[in-house]
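>>> Build me a structure from this.
(one chain, ligands or ions: 2)
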Amino acid sequence: MIPAIHASPTALKPLDQNNQGTAGKMPRLLAVANQKGGVGKTTTAVNLATALAAVGKRVLLIDLDPQGNASTGLGVKRSDIRKSAYDLIFEEGLNAAELAVPTKVPGLYVVPSSMHLAGAEIELVTAKRREYRLREALRRPLPFDYVITDCPPSLSLVTLNALVAVDAIVVPLQCEFYALEGLSHLVKTIDRVRQHFNPKLDIHGVLLTMYDPRNRLSGAVADDVREFFGEKVYQTVIPRNVRLSEAPSYGLPAIVYDMKCPGARAYIHLASEIIRREKKLLTEQEIQNQNNEHYTKEEAV
Ligand SMILES: Nc1ncnc2c1ncn2[C@@H]1O[C@H](COP(=O)(O)OP(=O)(O)OP(=O)(O)O)[C@@H](O)[C@H]1O
Ligand SMILES: [Mg+2]
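Numbering: from 1, shown residues only. Ligands and ions are numbered 1, 2, ... in the order given. So this is what the prediction gives:
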């Protein structure tokens, strides 16, 4: 059951890093990525993060896109931004929790974007350990259960930093004719990242977005995507819903702006589906670890 979310000023509490009960924990790191523009990455990152916070998870959203739509969609004003995701990439030793800006959603924090990120691409070319900068900032105990990264629409070095840093990727796909176009490029990039930088990188799931049941094409695209990706495709489908596109102009996630709209409900479903997948993964990993332990002990005997 999802508790009601009230965007109240009391939610704007700075992060007390020592008093969260999760300060010593490795968060689960997810990136929302697809190099195709306008497929619903930011809408997904913002509303998924909100839905996870609504069920009591502590969530950090990192806005890696110089467009800054996730930051403004969460009500962060450009004038209020002191340190941003740019600093997280370039300033060694910075802790993401120190940059976390509280939002109106209790439990949800954001490391905002800044225009500097537009130049990050060029600066990264000559930077030391350029693919690992974000990984080094995020692979440490943090006072969050989930860190969700909203990627820009490119397979740039900034996006590569996100793919190298995270455990798994959520890939939004718009239900339109060209949905699968360019996807092989993303899949190849993921394979390359696995080979060279992050062997455990996984596709967490493929999310069908902007689904229109009245449009036969939407259904046909959804079928194609399910045939291609099989069980990786989330059962939850995000419908085309104007409330999702209105909400950011009020600086609010759709789940707060209109919790009952079909788009908000779909993202709440998605969060439960993701939590279920996470639990299943964890159980599988525990079984695997137990088996490994068992074999190691047998070898030792
Ligand atoms: N399910 C939906 N129904 C209606 N409009 C949507 C939906 N999802 C996203 N939109 C709108 O579509 C546009 C693109 O969405 P969004 O910004 O989330 O995509 P994006 O992949 O992050 O884009 P970019 O590649 O530019 O970062 C936005 O105006 C957004 O409000
Ligand atoms: Mg975006």
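>>> Strands of the stretch 1-150 of the chain, start to end?
Along the stretch 1-150 of the chain, the segments classed as strands by DSSP state E, counting those that start in this stretch run 28-32, 59-63, 101-102, 108-111, 146-150.
>>> Now do the last one: everything it contacts.
If I follow you right, that is strand 146-150. Applying Cβ atoms under 8 Å, 6 or more residues apart in numbering, the contact partners of strand 146-150 are 27-33, 41-42, 45-46, 48-49, 52, 57-65, 69-70, 96, 134, 138, 162, 165-166. Where C-beta positions appear, they are placed from N, C-alpha and C, glycine not excepted.
>>> Is residue 67 in contact with residue 152, as I believe?
Yes: Residue 67 is within contact range of residue 152, at 7.2 Å (criterion: Cβ atoms under 8 Å).
>>> hang on, isn't residue 59 packed against residue 144?
Yes: with contact taken as Cβ under 8 Å, residue 59 and residue 144 are classed as touching, separated by 6.2 Å.
>>> buried ones in stretch 33-40?
33-36, 39-40 (16 or more other Cβ atoms under 10 Å).
>>> that older thread, please enumerate the shared neighbours of residue 59 and residue 144.
The contact sets of residue 59 and residue 144 overlap at residue 109 (Cβ under 8 Å, 6+ apart).
>>> In the stretch 151-300 of the chain, what residue lies closest to ligand 2?
Residue of the stretch 151-300 of the chain nearest ligand 2, by Cβ to the ion: residue 153 (6.5 Å).
>>> Any part of the helix or strand encompassing residue 192 near ligand 1?
Per DSSP states H and E: residue 192 is located in helix 183-196. No: using Cβ under 6 Å from any ligand atom, helix 183-196 stays clear of ligand 1, with a minimum separation of 12.7 Å.
>>> List the buried residues for that helix?
Going by neighbour count (16+ other Cβ under 10 Å), the buried part of helix 183-196 is 183, 186, 189-190, 193.
>>> and what of stretch 67-80?
Across stretch 67-80, burial judged by 16+ other Cβ under 10 Å covers 67-76.
>>> Contacts only, for the residue nearest to residue 69 when sequence neighbours are not counted.
Leaving aside its chain neighbours, residue 69 sits nearest to residue 42 (4.5 Å; criterion: Cβ to Cβ, 6 or more residues apart in numbering). Contacts for residue 42 (Cβ under 8 Å, 6+ apart) come out as 32, 65, 69-70, 73, 150.
>>> with the residues you listed in mind, which one is nearest to residue 123?
Top of the list for closeness to residue 123, among those and by Cβ to Cβ, is residue 65 at 16.4 Å.
>>> List the contacts of the closest residue to that closest one other than its chain neighbours.
Nearest in space to residue 65, with sequence neighbours left out and distances taken as Cβ to Cβ, 6+ apart, is residue 152 at 4.0 Å. By Cβ under 8 Å, 6+ apart, the contact list for residue 152 reads 64-67, 117, 158-159.
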